[in-house]
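1. With the input below, show me the fold.
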Amino acid sequence: MTREAVLEVLGKIIEPDLKNDLVSLNLIENLQVENQTVSLEVRISNPALHARKRMQEAIEFNLKRVFGQQIQIQCKIQGLDAESRSARRKILPDVKKIIAIASGKGGVGKSTVTANLAGGLAKKGYKVGIVDADVHGPSMPTMFDLVGDRPKMVDVNGQSLISPIESNGIGILSIGFFTNQDDAVVWRGPMAAKALTQLFTDAHWGELDFLLVDLPPGTSDIHLSLMQTVPLDGVVIVSTPQEVALADARRGIQMFRLDSFKVPILGIVENMAYFTPAELPNNKYYIFGRDGAKNLAEGMRVPFLGSIPLVQGVCEAGDAGRPAVFQQNTPSTQAFEELVHNFELELQRLEAATPKAGPNE
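-> Residues are numbered from 1 along each chain as shown. Modelled structure (predicted):
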């Protein structure tokens with residue numbers, strides 16, 4: 001039982017998501033063969049427990065089949081980190097950055113932030129798309145005045161794909177395009193996860209600078225399915241200032257920091273940070289508390305991307321199907337533009353801090 005012979009066996013085991021063998025994909029680390037013991041670490045695309053267990057069983061079965069049942073196998077299975085998943089990703093190769101917008105709690109304005117962040121990026125000339133992954137409460141059709149619209153199919157290299165619907169220069173796909181507005185989407189987890197996956201794998205997104213993913217609230221199997229399907233380049237956390245929302249935001253941050261995910265936290269956005277009445281534009285009333293999300297960002301050592309005021313215009317703009325960032329010289333527009341600016345700066349800082357591989361690496 002030599003190292004070369006072990007690699008020959010491992011070279012016949014296929015990584016199910018990446019559709020190639022473990023050796024060709026360079027997924028094996030710290031392989032050591034000594035006497036009758038094999039120790040190794042293996043990285044796989046899917047970080048879920050059941051996927052790791054199946055891979056471990058496949059490795060043990062194949063090695064013992066060739067070298068005998070008496071051998072000892074010490075095998076550690078881990079998920080790929082975000083950078084490695086991004087380098088190996090086969091879906092959406094023409095999308096430069098895939099960014100999730102998440103919140104631990106519902107009702108904090110995550111979809112509003114997503115729509116206005118996308119609008120602000122589009123205003124700056126970026127090519128932007130949105131996947132409305134909030135399966136049970138899709139909001140993007142309303143926020144972009146697309147209720148009742150249905151995507152068309154396009155032929156791409158002989159394959160029929162869904163074409164995103166464009167609004168304000170932004171390509172959008174949502175579960176809401178495939179259901180009636182008043183219908184409840186009552187799906188079990190696997191069905192919802194499969195539908196979400198199709199918005200990425202069965203859609204023609206083309207070349208994009210940013211694809212923003214509006215996640216459902218919480219930490220559910222939807223999030224797990226997304227992260228095992230799509231390598232995220234970062235996540236933005238949205239919260240309101242009060243403690244009940246901040247507690248859930250903490251859980252969301254910790255989920256993305258798990259070793260099996262390791263998605264970079266680009267920052268926290270504090271929505272509904274203060275109320276400013278239209279007749280008193282210089283007054284700020286901290287209805288839900290002051291600087292709660294900002295303090296959370298400092299405490300968890302993640303960037304703070306900005307505060308969004310609670311003003312009537314933001315709500316009205318969303319209901320009218322034209323996000324507030326497209327308005328002219330309003331407090332909410334200025335707040336969203338500052339958010340976009342800080343978002344760009346954080347991405348630049350993250351890229352500068354990421355070591356670049358040399359030509360022989």
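2. Could you give the number of residues near the nearest residue to residue 239 once chain neighbours are set aside?
-> Distance criterion CB to CB, 6 or more residues apart in numbering; nearest residue to residue 239, sequence neighbours excluded, is residue 249 at 3.9 Å. Every C-beta, even on glycine, is put in place using the N, C-alpha and C of the backbone. Neighbour count for residue 249, taken as other CB atoms under 10 Å: 25.
3. swap in residue 289?
-> Number of residues near residue 289 (other CB under 10 Å) recorded here: 16.
4. Please apply the same query to the one 5 residues further on.
-> Neighbour count for residue 294, taken as other CB under 10 Å: 17.
5. same thing with residue 7?
-> Residues near residue 7, counting by other CB under 10 Å, number 15.
6. Buried residues in the helix or strand where it lies, which are they?
-> Using DSSP states H and E, residue 7 sits in helix 3-10. Neighbour-count burial for helix 3-10 flags 6, 9-10 (criterion: 16 or more other CB atoms under 10 Å).
7. next one: stretch 47-61
-> By neighbour count on 16+ other CB under 10 Å, the buried set for stretch 47-61 is 47-48, 51-52, 55-56, 58-59.
8. which one among those residues gets closest to residue 305?
-> Using CB to CB, residue 47 comes nearest to residue 305 of these, at 26.3 Å.
9. Tell me if I am right that that closest one is in a strand.
-> No. Under DSSP: H, G, I helix; E, B strand; the rest coil, residue 47 sits outside any strand and is assigned coil.
10. neighbours of the nearest residue to it once chain neighbours are set aside, just the number please.
-> In this structure, residue 47 finds its nearest non-sequential neighbour in residue 79, 2.9 Å apart by CB to CB, 6+ apart. Residue 79 has 22 neighbours, counted by other CB under 10 Å.
11. Residue 79 contacts residue 49, correct?
-> No. Residue 79 lies out of contact with residue 49 (CB atoms under 8 Å); the separation is 10.4 Å.
12. what about residue 154, helix or strand, and which?
-> For residue 154, the host element (DSSP H and E) is strand 152-156.
13. Now the helix or strand just after that strand: buried residues?
-> Per DSSP H and E, the first helix or strand lying C-terminal to strand 152-156 is strand 159-163. For strand 159-163, burial by neighbour count (16+ other CB under 10 Å) applies to 161-163.
14. So which of the buried residues of helix 3-10 is the closest to residue 239?
-> residue 10 (44.1 Å).
15. Look up the closest residue to the closest one, ignoring the ones flanking it.
-> Spatial nearest neighbour of residue 10, chain neighbours left out: residue 22 (5.1 Å); criterion: CB to CB, 6+ apart.
16. What is the neighbour count of that neighbour?
-> Using other CB under 10 Å, residue 22 is surrounded by 24 other residues.
17. tell me the phi and psi of it?
-> Torsion angles at residue 22 (phi, psi; degrees, to the nearest 10) stand at phi -60, psi -40.
18. Could you do the one 4 residues further on as well?
-> As for residue 26, its main-chain torsions (degrees, to the nearest 10) stand at phi 60, psi 40.
19. Distance-wise, check it relative to residue 39.
-> Counting by CB to CB, to the nearest Å, the gap between residue 26 and residue 39 amounts to 18 Å.
20. So for the residue nearest to residue 47, what's the pLDDT?
-> Reported pLDDT at residue 79 in the predicted model: 75.
21. do the same with residue 54
-> So, for residue 54, pLDDT stands at 89.
22. now the one 5 residues further on
-> On pLDDT, residue 59 comes in at 92.
23. repeat for the one 5 residues further on
-> Turning to residue 64, the model gives it a pLDDT of 92.
24. Repeat that for residue 245.
-> 86.
25. Also residue 192?
-> Per-residue confidence (pLDDT) for residue 192: 68.
26. try residue 340
-> Predicted confidence (pLDDT) for residue 340: 94.
27. CA atoms only: put the host helix or strand of it into PDB for me.
-> Using DSSP H and E, residue 340 sits in helix 331-353. Output of helix 331-353 as PDB, limited to C-alpha atoms (Å, rounded to 0.1, in the frame of the first residue of the first chain):
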ATOM      1  CA  PRO A 331     -32.400  61.600   2.500                       C
ATOM      2  CA  SER A 332     -33.100  57.900   1.700                       C
ATOM      3  CA  THR A 333     -31.400  58.200  -1.700                       C
ATOM      4  CA  GLN A 334     -28.300  59.700   0.000                       C
ATOM      5  CA  ALA A 335     -28.300  56.900   2.600                       C
ATOM      6  CA  PHE A 336     -28.600  54.200  -0.100                       C
ATOM      7  CA  GLU A 337     -25.800  55.800  -2.200                       C
ATOM      8  CA  GLU A 338     -23.600  55.800   0.900                       C
ATOM      9  CA  LEU A 339     -24.400  52.100   1.400                       C
ATOM     10  CA  VAL A 340     -23.400  51.400  -2.300                       C
ATOM     11  CA  HIS A 341     -20.100  53.400  -1.800                       C
ATOM     12  CA  ASN A 342     -19.200  51.500   1.400                       C
ATOM     13  CA  PHE A 343     -20.100  48.200  -0.300                       C
ATOM     14  CA  GLU A 344     -17.700  48.900  -3.100                       C
ATOM     15  CA  LEU A 345     -14.900  49.900  -0.700                       C
ATOM     16  CA  GLU A 346     -15.300  46.700   1.400                       C
ATOM     17  CA  LEU A 347     -15.200  44.600  -1.700                       C
ATOM     18  CA  GLN A 348     -12.000  46.400  -2.800                       C
ATOM     19  CA  ARG A 349     -10.500  45.900   0.700                       C
ATOM     20  CA  LEU A 350     -11.400  42.200   0.700                       C
ATOM     21  CA  GLU A 351      -9.800  41.700  -2.800                       C
ATOM     22  CA  ALA A 352      -6.700  43.500  -1.700                       C
ATOM     23  CA  ALA A 353      -6.400  41.300   1.400                       C
END
